[in-house]
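1. Sequence first, predicted model second:
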Amino acid sequence: MTLDELIERQESERERQRKLKRRILCCTAAGCMSCGAESVRKAVAAEIQAEGKEAEMEVCGTGCMGLCSRGPLVRTSDDGALYGNVDAEDAAALVSEAPAAYARLGVKRIDTSAPFFTKQKKIVLAHSGEVDPERLNDYIAAGGYQALGRALAEMTPEEVIAEIRKSGLRGRGGAGYPTALKWELVAKQSATPKYVVCNADEGDPGAFMDRSILEGDPHLVLEGMAIAGYAVGAQQGYIYVRGEYALAIQRLQAAIRQAERERLLGSRVFDESFQFRIDLRIGAGAFVCGEETALIASIEGRRGQPRQRPPYPPESGLWGQPTLINNVETFANVAPILLNGGEWFASIGSGASKGTKVFALAGKIANTGLIEVPMGIPLREIIFDIGGGVPGGGGFKAAQTGGPSGGCIPAEYLDTPVDYESLAAIGSIMGSGGLIVMDQASSMVDVARFFMEFCMDESCGKCIPCRAGTVQMHDILTRILQGEGAPDDIEMLERLCVVLRETSLCGLGQTAPNPVLSTLKYFRHEYEQLVQPKPAAAGGES
Amino acid sequence: MPATTAAPDSVRDNREKMLERAMSRHNYSGDALIEVLHAAQELYGFLPPELLKKVARKLKLPPSRVYGVATFYHFFSLQPKGEHFFQVCTGTACYVAGAQELLNVLERRCAKAGCTSPDGKVSVQAARCIGSCGLAPAVIYDGRILARVTEKQLNEELDRIGVS
Ligand SMILES: Cc1cc2nc3c(=O)[nH]c(=O)nc-3n(C[C@H](O)[C@H](O)[C@H](O)COP(=O)(O)O)c2cc1C
Ligand code: SF4
Ligand code: FES
Ligand code: FES
């Protein structure tokens, strides 16, 4: 396809959609699928057929619509209405144009002027819930692949990188490394071939942002990777995706095939001399493989164990060649940046944290689901306005960000702006986007033990501080929780924290102490209560 | 992934051919070991020692390397799976919502996490976040995701499939 043909295709697909009376969009992402979305979609399709309305209505599956706790969700295109807890019996009403039948749905209608919707800002998730991830034309109608087409036709690789630099985009995989700097490092290597790798291992045990992006808008990630390939001079990309993500894998495979068929990937992309192939590599369930050097080992078919850095992957990555590794969400930001300009992106967000961040809200919060917010938004607004607060009257106790490498944020810091530096300053991290809310009934010592158990299980065993240290720390935490802790256990924990942080080989061991350190900092009394001679119950009633 | 039960001989031959095809698709390259093991496990349900040896021979890798990789990753199982397979999500959201209680039920009535009950009926596993945190606690039961699972529901299902 040429760029002109792409734009023509966009027009004609838009025209086709405009002519339809109604598109019925059913969320078919993992959350809604597990509460019956497929039967809703089938029932609606059958109803359209039964009513003979194929020419004027169509049903589509879409990515996550955000409010997963109310699933299955359905949106109707003509009035923009959103419905929750839909079941197959609602199909007739969804297809009907008679107001009376439509009324049945009234009670299920979700108020889209609520803060949950109005306080969000969608860049990465702009298409999620709007386009059918299995139809390339839907993505093209939404402007898809134009950023890639324009980059190839009108920009040099240096200009692409300059635009990314202007945007201020930083890595969304956790560490927040400036994306343009990384791209430059790879671009300036003379060795070839070079590789582009998308890190879709998503290990954080309470997070599903990357999964939702891949399931809801796979072409957005492919397009971002292809643009990166052009910018750094690579012809081959890999997506390393978690084996548990069956639906994401299936949709990615389909998307790659479609894009290749239309020559949006493969050889002679857009009839230009640029070629770029993307292959999937399926992970096999090891958290440490999210670490970039372990990920490389795993793609090469070996045990996923990290190695000493430097050399960093931009110099020596896959098979010793220059390799660019970015997170799913990082790649998903690339096409919108090129389409709207780096300055537009930099105008969103705050300080050194530009753009938006996707979070997975979970735990003791009313609106569990997937959200995207401008960086710098106060945590309080995320939890109480967007999230709807803490249900059950227990009251807010802490928010956990960054998973096993992150920390707990207590109520007194609820007004902290959510950006890389502010979160780090209070002992947590932005992380990849897991945000778990705990209420007063949660024991913070138990939360610390939970994450330590996770690190202990996932330690690859290559270096001793992490392999042995996580076991020691887990034992102490368990002992404390059982009311058998000794008074100097807390001090011992603190000493172990320092050893792990300072002497572990990779990020897993280095950051494993964080949940312990932050709970010790803000909830020390819970530990102290437990190690006192008269042991209190494990649920901290402070 | 649903548990694979023993297949009749005719299917068995076919599986060998399909594994061969998976290896040739990757040009018998050692780099493709993990892909090949994925394919083998999908076909056979688990990775018995003879199968690992065969893969090693075909990909010209030392058996220790193949065994090392197969045991490193949680996804690969060297033991056969039971007739039914419960994977309890123990990710943070599910943990906060009571996943441990569900796991306790399964461990009490069937088998410890990572094991299969002695009668081969049920395998139990603790999984990491399966991406349905909004519906915590979640359990994958024979490949299907169950949302907001309660102890009562779980006990009833175990009764239904005849776990004593
Ligand atoms: C133990 C460990 C696990 C990690 N897991 C992930 C992950 O699941 N996804 C991810 O994108 N990055 C993960 N990272 C960070 C990656 O190593 C790497 O920094 C990131 O993929 C770079 O992409 P970005 O610059 O776009 O953020 C992990 C790091 C460590 C130390
Ligand atoms: S810190 Fe832990 S995970 Fe990282 S290399 Fe050492 S043992 Fe492996
Ligand atoms: S999965 Fe349907 S709204 Fe999130
Ligand atoms: S923590 Fe269980 S599904 Fe995410």
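-> Right, received. Where do you want to start? Ligands and ions are numbered 1, 2, ... in the order given.
2. Contacts only, for A:A332.
-> For A:A332, the residues meeting the contact criterion (CB atoms under 8 Å, 6 or more residues apart in numbering or on different chains) are A:V124, A:I213, A:D217, A:L220, A:V221, A:G224. Placement of C-beta: from N, CA and C, glycine included.
3. And the last one, which helix or strand is it part of?
-> Going back to what we said before, that points to A:G224. helix A:218-232 (DSSP states H and E).
4. just how off-centre is that helix within its chain?
-> Offset of helix A:218-232 from its chain centre (CA atoms, centre = their mean, to the nearest Å): 17 Å.
5. what's the answer for stretch A:214-233, then?
-> So, by CA atoms, centre = their mean, the centroid of stretch A:214-233 is 15 Å from its chain's centroid.
6. and that stretch, does that touch ligand 1?
-> No. No part of stretch A:214-233 sits near ligand 1 under the criterion CB under 6 Å from any ligand atom; the closest distance found is 10.2 Å.
7. what does the average pLDDT come to for that stretch?
-> Mean pLDDT, taken over the full extent of stretch A:214-233, equals 97.
8. hey, C-alpha coordinates of it in PDB?
-> What follows is the C-alpha trace of stretch A:214-233 in PDB, where atoms were taken according to Å, rounded to 0.1, in the frame of the first residue of the first chain:
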ATOM      1  CA  LEU A 214      -2.000  -5.500  23.000                       C
ATOM      2  CA  GLU A 215      -5.500  -7.000  23.100                       C
ATOM      3  CA  GLY A 216      -7.300  -3.700  22.300                       C
ATOM      4  CA  ASP A 217      -5.000  -2.100  19.800                       C
ATOM      5  CA  PRO A 218      -2.300  -4.400  18.500                       C
ATOM      6  CA  HIS A 219      -1.600  -2.400  15.400                       C
ATOM      7  CA  LEU A 220      -0.600   0.600  17.500                       C
ATOM      8  CA  VAL A 221       2.300  -1.300  19.000                       C
ATOM      9  CA  LEU A 222       3.300  -2.700  15.600                       C
ATOM     10  CA  GLU A 223       3.300   0.700  14.100                       C
ATOM     11  CA  GLY A 224       5.400   2.100  16.900                       C
ATOM     12  CA  MET A 225       7.900  -0.700  16.600                       C
ATOM     13  CA  ALA A 226       8.200  -0.200  12.800                       C
ATOM     14  CA  ILE A 227       8.800   3.600  13.300                       C
ATOM     15  CA  ALA A 228      11.500   2.700  15.800                       C
ATOM     16  CA  GLY A 229      13.000   0.300  13.400                       C
ATOM     17  CA  TYR A 230      13.200   3.000  10.800                       C
ATOM     18  CA  ALA A 231      14.700   5.500  13.300                       C
ATOM     19  CA  VAL A 232      17.500   3.200  14.500                       C
ATOM     20  CA  GLY A 233      18.200   1.200  11.300                       C
END
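9. hey, which helix is longest across chain B?
-> Longest among the helix segments of chain B by residue count, using DSSP state H, is helix B:9-25.
10. Just list what the following helix or strand past that one packs against, helices and strands only.
-> Taking DSSP H and E as the definition, the helix or strand that follows helix B:9-25 towards the C-terminus is helix B:33-44. Using 3 or more CB pairs under 8 Å, 6 or more residues apart in numbering or on different chains; DSSP states H and E as the contact criterion, the neighbours of helix B:33-44 among helices and strands are strand A:277-282, helix B:9-25, helix B:49-58, helix B:63-72.
11. can you redo the ones you listed as CSV with mean neighbour count, mean pLDDT and distance to B:T92?
-> CSV is the format used below for the helices and strands packed on helix B:33-44 (neighbours: other CB atoms under 10 Å in any protein chain shown; pLDDT from 0 to 100; distance: least, CB to CB, whole Å):
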stretch, mean neighbour count, mean pLDDT, distance to B:T92
strand A:277-282, 18, 96, 24
helix B:9-25, 13, 84, 35
helix B:49-58, 16, 96, 34
helix B:63-72, 17, 96, 24
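12. closest to A:L169 out of those?
-> The closest approach between A:L169 and any of those, judged by CB to CB, belongs to strand A:277-282 at 20.6 Å.
13. contacting residues around the closest one?
-> Applying CB under 8 Å, 6+ apart, the external contacts of strand A:277-282 come out as A:222, A:225-226, A:235-241, A:243, A:249, A:252-253, A:256, A:260, A:265-266, A:298-299, B:34-35, B:38.
14. can you rerun that using 6 Å?
-> A:Q236, A:G237, A:Y238, A:I239, A:Y240, A:G243, A:L252, A:I256, A:I299, B:H38 (CB atoms under 6 Å, 6 or more residues apart in numbering or on different chains).
15. which residue sits closest to A:V498, ignoring its sequence neighbours?
-> Of all residues not flanking A:V498 in the chain, A:P513 sits nearest, at 7.9 Å (CB to CB, 6 or more residues apart in numbering or on different chains).
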